[in-house]
Structure formats: structure tokens, C-alpha cells
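Chemist: only the shape, not the letters, is given here:
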Ligand SMILES: Cc1ncc(COP(=O)(O)O)c(C=O)c1O
């Protein structure tokens, strides 16, 4: 008799964005004359940078000629892109990352979700709250947690991000083996200082833990004092894996390209207490289960490292950060406290009331969709996330409506 993986039954019944879509769908159907503006889900709206489009066209032309046609590429990514990443994202910031430590993939969601496979199932997890739900759910599916109770799973050490700690959790007083960190953060938009990251690297070294550092929003950092990579911290090559994505950097959410960095100096331990390098494990997993990102897409990703590509992607992230500034200013005028939005495309608003209630208020009074913080974890209660990913016109219209609806614009 075939049986299901019962760990799936432990997952919270619905997915946050499906819940939001249902409520918005019901409202829109009942109010056809009231168009809704979506500042909820974090998807980009602006077209690809011209350098990427040109690279896509060029690579498609190559694929159309026998002499330049390419079939399967290396599963880990083409050397031209791995080298561009190692040079452009790491050497340029003083970090020592070899091209063959970079694994090209079709998304950070997959990488963050798949990486747990190379670790034992009976390890202790430390995961932030609120959090990008993929870290928790993929560990639930893999059987690393007990049942959910009160919105939390047994077996996870929750790292609470609250107004009291500026939404950046301090290292815990107890050990963990696998630590998820995400900066600039989704959903809070908070960034970690060098000192805070040093404390985490030190924690991982003391506890022989691994940090999974999700830096999908790195391109939004503008404060020169904020580290862009965990590898800017001494000793991080021995304790951290980093994830980055072209999704929010260059508008690749529909094109799909990202990468994971697994340093060759990073170990975990086997049952006998012997250190084992993680690089060959991830290489094995990646080459067995993944067949590479398409050649044109990798060419488009590589184009972001050219002079034109750099200035165009910078203009793109500047544009969304311009939206973020308008949102922050509007929240301040309404007397609402918020963080994020200056080094991240998300604004985390402390609404001081039930987050779904505030979501419904914005939807029904202003026809604006935000994301209720409770959907990201218990500590998200009392907050909503507003995304800066939209056209300027829509952001301005949404802010005008919110101001009018809340009566304090
Ligand atoms: C924190 C974080 N990590 C990873 C991802 C996934 O990015 P990708 O489009 O590369 O799968 C997202 C997307 O929203 C995200 O917010």
C-alpha cells in the first residue's frame, strides 16, 4: 500500500498568498466598479533592463544556428556566469569566492528549499519569526519538526524579530545547528549591521552550526556601512552558505535565475564526528536533481555585470526604492511607525492592531492590497508588509486612497 509523506499534513492548511488572493477575488467580484491596487505580493512590475533583453536576443540567435547551438549546459552553470558572479559580486567587495563555489540555479526559492536535503533530519533549526515561509515549510516537509501548535512548530528555535530588537534577532543563548538569516529582510525590510553579522558568524563557529544567508534583496542596500554579503565577515567561509537571486535585482521573476555559494572551506559533521565538506554534497545534489538554467537566461544574467547592465539594474532598484520612500513618508504622515524601505523594497508597518483586520480595512476602504504580518509568523501580528514593487502611478494612487481612507493624510 502506497502511503503519503505525512509530514505534509503538518503544514498550515493554507498558503498566505492564496488566502489573500481569495479575499481580494471575493471583494473584486462583489465590487466590480472599484479597481484594486496590489501592494501585497512581492513581484516586480517593470520590464527587463535593455542589456538583458539584448543578451537574450543574441543568445536566441546563437541557438538558431547549428554552429553556435547549445544543448545541455553544465548543471552548475556556465563558467562565464560563475566567473562574473565571483568577480562582480564578491571579489569587487573584497570577498574570496571561487567561480566553482557558485552554483547557478533557477531561483532562490528552490535553493533555500532544497539545501536542507544535505543536512541530517535530527538537527536543531533556528528560524526567524516573521519569516519568508519557505524555510519553515520545507523543513516541515522533510520531517524536521513536530506538529504545529499555536502557529509554531515543535522543534524550531524561533528567532523573534520585534520592535524591541529593531527586527534583527540577537544570537540565542542556546545552540542550534542550522540557522536561517535573511538580510535585507523579507518581510521586515530590516538590514543587519556588520557587528550583528559578526555575532552570528561567531555563534555559528562556537556551535559548529551552518548559517543559510538569504540575500535575495542585496541589490537594494544603499547604506555604505551595511554588508552586502555574509562573506564580508571574517570566518564566514567556514560557516555560511549564501543565496542570491536575479529576480529582484534585475526583474527576473519570470525569467528565473539565481545562485547559491557553497565555499569549499565549509564543513558539517558525520555521525562519527568527522568533518565533511558540504561543497561536494551540494554539487552531488545539484547535478543529480537539476539540469541547468537555460543558456539565453544565463547570458541575460551575465549581462547585468556589464557596465550598461550595472547602471540599468541600479536604475531599476533605485526606481523601486523611490516608491518605497513615498510609502514610508505616507505612513509617517499617518502617524504609523515603520521600518524597511531604505535598503529594501518592503516597508514593515506597525499598525498596532490585528493584521488581517488592517488588511480588510485597506481593501474595503481604499481598495489597496497589503500583506498581513501574521501570515509571516506570530511576531508579524500587529504589522503589515507593503511592497514597493509597482508602477509609480499605482503607488501614488494607492497612497492617496490610503490617506483618504484613514482620514489623516
Ligand atoms: C527572501 C526571499 N528569498 C528568496 C526568494 C525567491 O526568489 P526567486 O525568485 O529567486 O525564487 C524570495 C522571493 O520573493 C524572497 O523574498
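Modeler: Right, received. Where do you want to start? Note that this is a predicted model, so its numbers are computed, not measured.
Chemist: give me every residue that touches residue 233.
Modeler: Residue 233 is in contact with 194, 197, 198, 201, 227, counting by C-beta atoms under 8 Å, 6 or more residues apart in numbering. The way it works is simple: take the backbone N, C-alpha and C, and place the C-beta from them, glycine included.
Chemist: buried ones among the residues you listed?
Modeler: With burial judged by 16 or more other C-beta atoms under 10 Å, the buried subset of the contacts of residue 233 is 197, 198, 201, 227.
Chemist: narrow the contacts of residue 233 to those in helices?
Modeler: When those are checked against helices (DSSP state H), the matches are 194, 197, 198, 201.
Chemist: pretty sure the first one is touching residue 232, no?
Modeler: Yes - here residue 194 lies in contact with residue 232, judged by C-beta atoms under 8 Å, at a distance of 7.4 Å.
Chemist: which stretches in the stretch 301-409 of the chain count as helices?
Modeler: Listed in chain order, the helices of the stretch 301-409 of the chain (DSSP state H, counting those that start in this stretch) span 307-333, 355-361, 392-406.
Chemist: go on, the chain?
Modeler: Going by DSSP H, the chain shows helices at 16-30, 50-63, 79-85, 108-114, 134-141, 194-207, 247-250, 278-289, 295-303, 307-333, 355-361, 392-406.
Chemist: how near is the residue nearest the centre of the chain to residue 344?
Modeler: In the chain, the centroid-proximal residue (C-alpha atoms, centre = their mean) is residue 216; its distance is 4.4 Å. The span separating residue 216 from residue 344 equals 10 Å under the rule C-beta to C-beta, to the nearest Å.
Chemist: joint contacts of those two?
Modeler: With C-beta under 8 Å, 6+ apart as the test, residue 216 and residue 344 both reach residue 186.
Chemist: can you pull the contacts of the residue nearest to the centre of the chain?
Modeler: 108, 182, 186, 243, 244, 245, 247, 248, 258.
Chemist: pull the number of nearby residues for the third one.
Modeler: Pointing back at residue 186 there. 25 (other C-beta atoms under 10 Å).
Chemist: then the last one?
Modeler: Neighbour count of residue 258, defined by other C-beta under 10 Å: 24.
Chemist: spatially nearest residue to it (excluding sequence neighbours)?
Modeler: residue 245 (3.8 Å; C-beta to C-beta, 6 or more residues apart in numbering).
Chemist: what about the protein, any weak spots by pLDDT?
Modeler: Low-confidence segments of the chain (pLDDT under 70): 13-14, 408-409.
Chemist: kindly report the residues of it close to the ligand.
Modeler: Within the chain, the positions lying close to the ligand (C-beta under 6 Å from any ligand atom) are 42, 107-109, 112, 132, 182, 186, 214, 216, 245, 247, 253, 258.
Chemist: out of those residues, which one sits closest to residue 404?
Modeler: For the residues of the chain next to the ligand, the residue nearest residue 404 by C-beta to C-beta is residue 42; the value is 25.4 Å.
Chemist: gap between the closest one and residue 20?
Modeler: 12 Å.
Chemist: same check on residue 33?
Modeler: 21 Å.
Chemist: and these two? which has more neighbours close in?
Modeler: residue 20 (21 against 4).
Chemist: I'd say the more buried one and residue 369 touch.
Modeler: Yes - the criterion here is C-beta under 8 Å, and residue 20 meets it with residue 369 at 6.7 Å.
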